[in-house]
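**Student:** The amino acid sequence is not available; the structure is as follows:
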């Protein structure tokens, strides 16, 4: 059995999903960032609006191409616009 | 006997005069600020250079006209350019 | 140089001690506090800050290097609090020390502006609700990050 | 609002406490410290600050009003030390609190710039002398002003 991807939701993404993180199963060879975001949006329709303005982050780095692969054991985060300070 | 004027020297004025303050006798009717500065310059020639760039202060307020009278009991100060901070 | 993301109250005197040292003629410290503003949900009673810890600390360190490189800052502090903060509490401290004051002011201002738009930290209002009740899932917010 | 001219060490934590209060979302504090610069007399070991106390405090209060009027500052601190200060010691603290950070930064910067050119305070270097001996009359410098 492959390890899942640990998905983190922050701020409006967390509110939309109703939780801060979830373990998401992916195929052994991984899945594109775009496809993973699509699966999450299907599972949590309220996430759609937030995804439009969010950046996707894989293992602490911004996803630059939507084809970038997310592999088992990776951390995948949804970053709505920042608001610290 | 009339009270003197208390004259205060700061920074380069203090260095030129060699002391921080002095009681300066003035006539009962007072003396113009310009005349008082002249007397001080005569008494302390090293003060001349500092006086050029200094402001004169009577009782905590800048002397605006050189004819302004300084009276017995007044405080008269020589303010070289400021350098706080 | 000090970066910090913590659920514990931020101490100004402690931040100041980090900025002491030779060659630091000018010190500028900015602190942000939770204001009792009227928000969309009512009057703000508290803010909950959350951060993506690893990337946030990495950004703090990048901002620190930027301050050194661009403004000649000799020491800096970038501290942010996470979790639930009541009105009046300090959410962020940025501070810099440098030989001259012009650079210190510019560096401190630059740090806080960059922090606000480039560091993965978010705040959510906890207001005196106008009508609707607090949702139970909101309790999950404000994960502490160290 | 707090103005102070003192021969005693300036306390940053104490200055900070003066700036606490409602409606103060942003706090900016500037502190100036004596640097070990090379001056005309040699390497600076200390600075002696002197002030014309009454007029200096009156100017501090005028600067305080200006900060309130021009920048909407809700609280401020203008503290300056007098007497002999060694390298590393804090000579001045200006601090402001205001609802928003842009105004707080501008106000703090304005305060220190105005202070330097409009307040009757002077500093004299005490350096490791290159050749000439210290003059005895220099001991009179640095009258404390409260």
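**Tutor:** Thanks, I have the structure now. Please read all numbers here as calculations on a predicted model, not as lab measurements.

**Student:** Which residue ranges of chain A form strands?
**Tutor:** When assigned using DSSP state E, the strands of chain A occupy the ranges A:5-9, A:21-24, A:31-32, A:55-58, A:61-62, A:69-70, A:75-79.

**Student:** again, but for chain C
**Tutor:** So, for chain C - with DSSP E - the strands run C:2-6, C:26-33, C:38-39, C:42-51, C:75-81, C:83-86, C:90-98, C:121-127.

**Student:** Given the last one, what are its sheet partners and their directions?
**Tutor:** Strand partners for strand C:121-127, identified by DSSP bridges, are recorded as strand C:42-51 (antiparallel).

**Student:** can you pull the buried residues of stretch C:65-81?
**Tutor:** Under the neighbour-count criterion of 16 or more other Cβ atoms under 10 Å in any protein chain shown, stretch C:65-81 has C:66-68, C:71, C:73-81 buried. Glycine gets a C-beta too; all of them are placed from N, C-alpha and C.

**Student:** Now that we have those residues, can you turn them into CSV and tack on distance to chain A and pLDDT?
**Tutor:** CSV is the format used below for the buried residues of stretch C:65-81 (distance: Cβ to the nearest Cβ, whole Å; pLDDT from 0 to 100):
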residue, distance to chain A, pLDDT
C:66, 16, 97
C:67, 16, 97
C:68, 21, 97
C:71, 19, 97
C:73, 19, 97
C:74, 24, 95
C:75, 21, 96
C:76, 16, 97
C:77, 14, 98
C:78, 11, 98
C:79, 11, 98
C:80, 6, 98
C:81, 10, 98
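
**Student:** Which one of the residues you listed is nearest to residue A:25?
**Tutor:** residue C:80 (33.8 Å; Cβ to Cβ).

**Student:** If the closest residue to that closest one other than its chain neighbours is in a bridge, with which residues?
**Tutor:** Take residue C:80 and drop its neighbours on the chain: the residue closest to it by Cβ to Cβ, 6 or more residues apart in numbering or on different chains is residue C:92, 4.9 Å away. Bridge pairing for residue C:92 (DSSP bridges) gives the partners residue C:32, residue C:80.

**Student:** Pretty sure residue C:92 sits against residue C:81.
**Tutor:** Yes: at 7.1 Å, residue C:92 counts as touching residue C:81 under the criterion of Cβ atoms under 8 Å.

**Student:** what touches both of these two?
**Tutor:** The overlap between the contact sets of residue C:92 and residue C:81 (Cβ atoms under 8 Å, 6 or more residues apart in numbering or on different chains) consists of residue C:10.

**Student:** what about residue A:21, neighbour count?
**Tutor:** Neighbour count of residue A:21, defined by other Cβ atoms under 10 Å in any protein chain shown: 17.

**Student:** from what I can see it touches residue A:7, true?
**Tutor:** Yes: taking Cβ under 8 Å as the definition, residue A:21 is a contact partner of residue A:7 at 6.3 Å.

**Student:** intersection of neighbour lists for these two?
**Tutor:** Residues touching both residue A:21 and residue A:7 (Cβ under 8 Å, 6+ apart): none.

**Student:** Relative to residue C:18, how far out is residue C:95?
**Tutor:** 7 Å (Cβ to Cβ, to the nearest Å).

**Student:** Between those two, which has more neighbouring residues?
**Tutor:** Taking neighbours as other Cβ under 10 Å, residue C:95 and residue C:18 compare with residue C:95 leading, 27 against 17.

**Student:** sorry, back to before: what's the overlap in contacts for residue C:95 and residue C:18?
**Tutor:** residue C:77.

**Student:** just to revisit the earlier point, contacting residues around the residue nearest to residue C:80?
**Tutor:** Here residue C:92 is in contact with A:84, A:85, C:10, C:30, C:31, C:32, C:79, C:80, C:81, C:112, C:115 (criterion: Cβ under 8 Å, 6+ apart).
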